[in-house]
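Trainee: Below are the sequence and a predicted model for it; my questions follow.
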Amino acid sequence: MNRSPELFAAMQREIAAAPRAELPSLVGLLAILHAEAWSRMTAPMTGPPRDEPAEDGLLTIGEAAERLHVSQRFVRNHAEEIGRVRLGRAVRYSRRRLEAYIHRKGRES
């Protein structure tokens, strides 16, 4: 079922009803949703089979480095391969793409 038109209409209503002062935070939230959707859409289709799709989310560089047990410098140097997502000047890392990276590297060794 394609829910896109319903979701789009609901978002339009929220934006139209929001006070002008709240619009910057709404735009920020839309940017986060855009980044998460783009991350899901562009994530490699490889990985371990699962009964349910993995939850995707955005991680800070510190969280990504901690998950990989590496330095933040390593994460920066491998950002494209790991799954960097830019939100304006902010940089986050796709949890799903990070897990796929771990899976790929595990098979290579």
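Mentor: It's in. Numbering: from 1, shown residues only.
Trainee: mind pulling up the phi and psi values for Arg86?
Mentor: Here is the backbone geometry of Arg86 (degrees, to the nearest 10): phi -100, psi 130.
Trainee: Look at Arg92 and give its secondary structure.
Mentor: Taken by DSSP: H, G, I helix; E, B strand; the rest coil, the conformation at Arg92 corresponds to strand.
Trainee: Measure how buried the residue nearest to it when sequence neighbours are not counted is and give me the count.
Mentor: What sits nearest to Arg92 in space, not counting adjacent residues and going by Cβ to Cβ, 6 or more residues apart in numbering, is Leu58, at 3.7 Å. C-beta: built from backbone N, CA, C; applies to glycine. For Leu58, the count of nearby residues is 19 (other Cβ atoms under 10 Å).
Trainee: tell me what the helix or strand Val75 falls within is packed against?
Mentor: Using DSSP states H and E, the element containing Val75 is helix 72-77. Contacts defined by 3 or more Cβ pairs under 8 Å, 6 or more residues apart in numbering; DSSP states H and E place helix 72-77 against helix 61-68.
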